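Colleague: What follows is a predicted structure for the sequence shown.
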2 protein chains.
Amino acid sequence: MTTARPLRVLLADDEHLIRGALAALLALEEDLVVVAEAASGPEALAMALAHRPDVAVLDLQMPGADGVKVATSLRAELPDCRTMIVTSHGRPGHLKRALAAGVRGFVPKTVSARRLAEIIRTVHAGNRYVDPELAADAISAGDSPLTVREAEVLELAADGAPVAEIAERASLSQGTVRNYLSSAASKIGAENRHTAVRLARERGWV
Amino acid sequence: MTTARPLRVLLADDEHLIRGALAALLALEEDLVVVAEAASGPEALAMALAHRPDVAVLDLQMPGADGVKVATSLRAELPDCRTMIVTSHGRPGHLKRALAAGVRGFVPKTVSARRLAEIIRTVHAGNRYVDPELAADAISAGDSPLTVREAEVLELAADGAPVAEIAERASLSQGTVRNYLSSAASKIGAENRHTAVRLARERGWV
DNA sequence: GCCACCCCATGACGTTTGTCATGAGCAGTG
DNA sequence: CACTGCTCATGACAAACGTCATGGGGTGGC
């Protein structure tokens, strides 16, 4: 039999320990070769352009630009490169954003390395793979009921700023801000904006 | 030269991917042997009692019981076992809690595997190792200026509950709760309790 | 034994929110 | 074109919140 051309992988994760360990484990798979590693979003992008991998395995949380942002850029600049996201704490909204960005694989870090290798092959073959549990969460969380402005105002309220400050930053009147916060909270089912922010965060709506 | 007795290591992390990868990397070090792995706090404890490792490498965030809690239990039940914490997002307060629990090593996951192996040896030799950057953060964050009750009330306020609910859960009058929240916020330098909660969290005071 | 500090409470005050009614301008849809 | 839904605004009222003054009971230090 002929030796197939190896599947070229880019690995991006800001934690050296994990990235290195992962590279070592993936190296055990004969058909995979890690051609580049990156510790930040921008670096991942640069590395991808330089080494043109078949599959980019991106951590969700990285300094500079998160995995989804990198995936979006990659899709534009390197369309042949498949992207997938690996994450510790997968929230529903992330998954949705990722799929919208053209990501083809979304897995939590609780999978085994062997399984990850399989998924990399799946993704490379042009198929998609989404962790069943995360998918279920995403479905049960549903779509955001918030309008654009409601989400916007809620986000500005995220760090506990008073209404006056939110109004200024959003260039809205204080009354309008309070109306939006009120309707957002009632849609979410929260008693006040602070729990509303928390719940919206959990569901990936902000 | 005689072959020294290998250094027995317990690895606890809820992310299979990372734990497995780590185990593989540490296995490359000739003097280290990973004798047990665990995916949760209670499991880590049970495994430690069963296998009696020399050093327990614990992830900070695990289901069941976090790394520091496990370390506390280990100190009581297996005093000869040295403990160390590995974490992704190290906040000052965690470090403080960890040291108080008798943890001898505290490192972020941004270190390399080789470096981790060195630190495991350092810890086993009876020395301590704390990541310099985390140590600096901890020092600059300083000690909590909050009294016991202030911290307690602040914690109850963490999820955005109204004063009435906090008062009930703390068995205090609403007025008292508001006084504590007020003084806590002013000590922290926050404008309201919500930002106070956030800042206190960041500094590890709750 | 005085003093400092924490704990808990009460009452009162002004401010900030949450909520509701109401309405105008402006999309997109059937 | 009528209708619906989003955006933005105003005004008003009740509830929640932040702040201050005040006071009693407790613990620990000097």
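Modeller: In hand now; what should we look at?
Colleague: Quick check: residues of chain A near chain B?
Modeller: Counting by C-beta under 8 Å from any C-beta of the partner chain, the positions of chain A adjacent to chain B are A:14-18, A:20-22, A:24-25, A:28, A:86, A:88, A:108-113, A:116, A:159-162, A:190-192, A:194-195, A:197-198. (Glycine included, C-beta is placed from N, CA and C.)
Colleague: Just the buried subset of those, please.
Modeller: Buried subset of the residues of chain A next to chain B (neighbour count, 16 or more other C-beta atoms under 10 Å in any protein chain shown): A:14-18, A:20-22, A:24-25, A:86, A:88, A:108-111, A:113, A:116, A:160-161, A:190, A:194-195, A:197-198.
Colleague: Stretch A:140-147 and DNA strand D, any residue contact?
Modeller: Yes - Stretch A:140-147 lies within reach of DNA strand D by C-beta under 7 Å from any atom of the strand, at A:Thr147.
Colleague: okay, now A:Ala200: neighbour count?
Modeller: By other C-beta atoms under 10 Å in any protein chain shown, the residues close to A:Ala200 number 27.
Colleague: quick one: it and B:Gly90, what's the gap?
Modeller: Separation of A:Ala200 from B:Gly90 (C-beta to C-beta, to the nearest Å) stands at 27 Å.
Colleague: Mind telling me what element A:Trp205 is part of?
Modeller: Assigned by DSSP states H and E, A:Trp205 falls within no helix or strand.
Colleague: and it, what pLDDT?
Modeller: pLDDT for A:Trp205: 84.
Colleague: Now it: closest residue in space, sequence neighbours ignored.
Modeller: The spatial neighbour of A:Trp205 that comes closest, neighbours along the chain excluded (C-beta to C-beta, 6 or more residues apart in numbering or on different chains), is A:Ser144 at 4.1 Å.
Colleague: Surely the one you found is in contact with A:Ala138?
Modeller: No - A:Ser144 is not in contact with A:Ala138 according to C-beta atoms under 8 Å; the separation is 11.7 Å.
Colleague: More neighbours: which of the two?
Modeller: Comparing A:Ser144 with A:Ala138 by neighbour count (other C-beta under 10 Å), the higher total belongs to A:Ala138, at 23 against 19.
Colleague: Show me what the longest helix along chain A is packed against.
Modeller: In chain A, with assignment by DSSP state H, the single longest helix is helix A:174-188. Counting contacts by 3 or more C-beta pairs under 8 Å, 6 or more residues apart in numbering or on different chains; DSSP states H and E, helix A:174-188 is packed against helix A:148-156, helix A:163-170, helix A:193-202.
Colleague: any chance of those helices in JSON lines, plus mean pLDDT and distance to DNA strand D?
Modeller: Listed next are these as JSON lines, based on pLDDT from 0 to 100; distance: least, C-beta to the nearest atom of the strand, whole Å:
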{"stretch": "helix A:148-156", "mean pLDDT": "92", "distance to DNA strand D": "4"}
{"stretch": "helix A:163-170", "mean pLDDT": "93", "distance to DNA strand D": "7"}
{"stretch": "helix A:193-202", "mean pLDDT": "92", "distance to DNA strand D": "9"}
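Colleague: Can you tell me which of those helices is most buried?
Modeller: Stretch with highest mean neighbour count among the helices and strands packed on helix A:174-188: helix A:193-202 (a mean of 21; mean count of other C-beta atoms under 10 Å in any protein chain shown).
Colleague: and it, what other elements does it pack with?
Modeller: Helices and strands touching helix A:193-202, by 3+ C-beta pairs under 8 Å, 6+ apart, are helix A:148-156, helix A:174-188.
Colleague: how far out from the middle of the chain is that helix?
Modeller: How far helix A:193-202 lies from its chain's middle: 19 Å, per C-alpha atoms, centre = their mean, to the nearest Å.
Colleague: Just want the angle from it to helix A:148-156.
Modeller: Counting by axes from the mean of the first three to the mean of the last three C-alpha atoms, to 10 degrees, helix A:193-202 lies at 100 degrees to helix A:148-156.
Colleague: Send me helix A:193-202 as PDB with only the CA atoms.
Modeller: Listed next in PDB are the C-alpha coordinates belonging to helix A:193-202 (Å, rounded to 0.1, in the frame of the first residue of the first chain):
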ATOM      1  CA  ARG A 193     -30.900  43.000  35.200                       C
ATOM      2  CA  HIS A 194     -28.000  41.400  37.100                       C
ATOM      3  CA  THR A 195     -29.500  38.000  37.100                       C
ATOM      4  CA  ALA A 196     -30.600  38.600  33.500                       C
ATOM      5  CA  VAL A 197     -27.000  39.300  32.500                       C
ATOM      6  CA  ARG A 198     -25.900  36.100  34.300                       C
ATOM      7  CA  LEU A 199     -28.500  33.900  32.600                       C
ATOM      8  CA  ALA A 200     -28.000  35.500  29.200                       C
ATOM      9  CA  ARG A 201     -24.300  34.800  29.600                       C
ATOM     10  CA  GLU A 202     -24.900  31.200  30.500                       C
END
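Colleague: any idea how far A:Ser39 lies from B:Gln61?
Modeller: Just so we're on the same page, residue A:39 is Ala rather than Ser. On the measure of C-beta to C-beta, A:Ala39 and B:Gln61 end up 21 Å apart.
Colleague: out of the two, which sits in the busier spot?
Modeller: Neighbour count, other C-beta under 10 Å: between A:Ala39 and B:Gln61, A:Ala39 has more, with 19 against 16.
Colleague: pLDDT score assigned to the closest residue to that one other than its chain neighbours?
Modeller: Nearest non-adjacent residue to A:Ala39, counting by C-beta to C-beta, 6+ apart: A:Asp14, 5.0 Å away. Here, the pLDDT recorded for A:Asp14 equals 89.
Colleague: Nothing else from me, thank you.
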